[in-house]
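K.L.:
have a look at this prediction, sequence included:
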Amino acid sequence: MKTAIVTGAAQGVGLVTARLLGQKGHHVVLTDVQPLADQAAALSSEGLSVSHVSGDVSSESFVADLAAKVAADHGGADILINNAGISLICPAEETSFDQWQRVMAINLAGPFLLSKAFGLQMLAKGKGSIVNIASIAGLRGVIHRTAYNASKHGLIGMTRTLAAEWGGRGVRVNAVCPGWIKTEMDVADQGSGAYGDEDIINRVPMARFAKPEDVAAAIAFLADDGAFVNGVTLPVDGGWTADASWDALRLKAR
């Protein structure tokens, strides 16, 4: 049985991904800064093999302890899903350095620490897969998200570099770039008045938000050993980044 680590697993894409990987026969280690007992119990009740550890992925000591526990309990990780992340909607000129640092710590430093710690375990085995959850905001610029965009651009750069560095040693590193997803994060962002459902639906050629299951399916594909894929950034955005049309033209085509 392979061991998969899923960060940000308390809700949304992380929880759905954990369930899907468990259904594929992996033991899944859930981690999140939030408590995880209820989520782990629910997944266990479905017959899935799971364990959980709560902590801050931007803490070097927590990541080291987590990696040591996974090594002791399961012989090391086979799959790492770097999903934990936070959003920040704020004009650049109003973004404080503390806000910038917090976004970078969780969205970029955390995946680096986790990739290094669990990448060492995978390199020792000569195989493994890391999937980083970036964003279409890592492929384009989205207004009022300077820190978030920069963190996701950085995560894509790290993905490509690790893919080049570790691919020849058996460890594949890829990124998924979701568009807007109906999750708790979207509810919080919409609550700030930043956008509404129609803003997203009218922009996406497939005319809907992504679902967590859409993103989880892409993650599971990239995580699977059967995928001869390394260093890609896979948009899961319903065609958002492919479409350069203006809104009236896009809507007319429906």
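P.N.:
Structure received.
K.L.:
and the longest strand seen in the chain, what's buried?
P.N.:
Ranked by number of residues, the top strand in the chain under DSSP state E is strand 171-178. Neighbour-count burial for strand 171-178, counted by 16 or more other Cβ atoms under 10 Å, picks out 171, 172, 173, 174, 175, 176, 177, 178. C-beta coordinates here come from the backbone N, C-alpha and C atoms, glycine included.
K.L.:
so what pLDDT did the fourth one get?
P.N.:
According to the predicted model, the pLDDT of residue 174 comes to 98.
K.L.:
can you give me the helices in the protein?
P.N.:
For the chain, applying DSSP state H gives helices covering 12-23, 37-45, 60-74, 97-104, 110-125, 146-166, 184-191, 197-201, 212-223, 247-252.
K.L.:
tell me which of those helices sits most buried.
P.N.:
Neighbour counts (mean count of other Cβ atoms under 10 Å) averaged over each of these peak at helix 12-23, with a mean of 24.
K.L.:
show me the shaky parts of the stretch 151-254 of the chain.
P.N.:
By pLDDT under 70, the stretch 151-254 of the chain contains no weakly predicted segment.
K.L.:
let's see it at 90
P.N.:
182-200, 246-247, 252-253 (pLDDT under 90).
K.L.:
before we move on, the earlier item: for residue 131, which of the helices of the chain is the nearest?
P.N.:
Of all the helices of the chain, it is helix 212-223 that lies closest to residue 131, at 4.9 Å by Cβ to Cβ.
K.L.:
now do that closest one: which elements does it pack against?
P.N.:
helix 12-23, strand 79-82, strand 128-133, strand 171-178, strand 233-236 (3 or more Cβ pairs under 8 Å, 6 or more residues apart in numbering; DSSP states H and E).
K.L.:
repeat the analysis, applying 7 Å as the threshold.
P.N.:
Judged by 3 or more Cβ pairs under 7 Å, 6 or more residues apart in numbering; DSSP states H and E, helix 212-223 is in contact with helix 12-23, strand 128-133, strand 171-178, strand 233-236.
K.L.:
and the angle from it to helix 12-23?
P.N.:
50 degrees (axes from the mean of the first three to the mean of the last three Cα atoms, to 10 degrees).
K.L.:
what's in contact with helix 212-223?
P.N.:
The contact list for helix 212-223 (Cβ atoms under 7 Å, 6 or more residues apart in numbering) reads 12-13, 16-17, 20-21, 24, 79, 81, 129, 131, 174, 176, 178, 181, 183, 227, 229, 234, 236.
K.L.:
relative to strand 128-133, how tilted is that helix?
P.N.:
Going by the same axes, to 10 degrees, helix 212-223 makes 150 degrees with strand 128-133.
K.L.:
export helix 212-223 to CSV, keeping only CA atoms.
P.N.:
C-alpha atoms of helix 212-223 as CSV (Å, rounded to 0.1, in the frame of the first residue of the first chain):
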residue,chain,number,x,y,z
PRO,A,212,-13.4,19.9,-6.0
GLU,A,213,-13.9,16.5,-7.7
ASP,A,214,-12.7,18.0,-11.1
VAL,A,215,-9.4,19.0,-9.5
ALA,A,216,-9.0,15.8,-7.4
ALA,A,217,-9.3,13.7,-10.6
ALA,A,218,-6.5,15.7,-12.2
ILE,A,219,-4.4,15.4,-9.1
ALA,A,220,-4.9,11.6,-8.9
PHE,A,221,-3.9,11.3,-12.6
LEU,A,222,-0.7,13.1,-12.1
ALA,A,223,0.1,11.2,-8.9
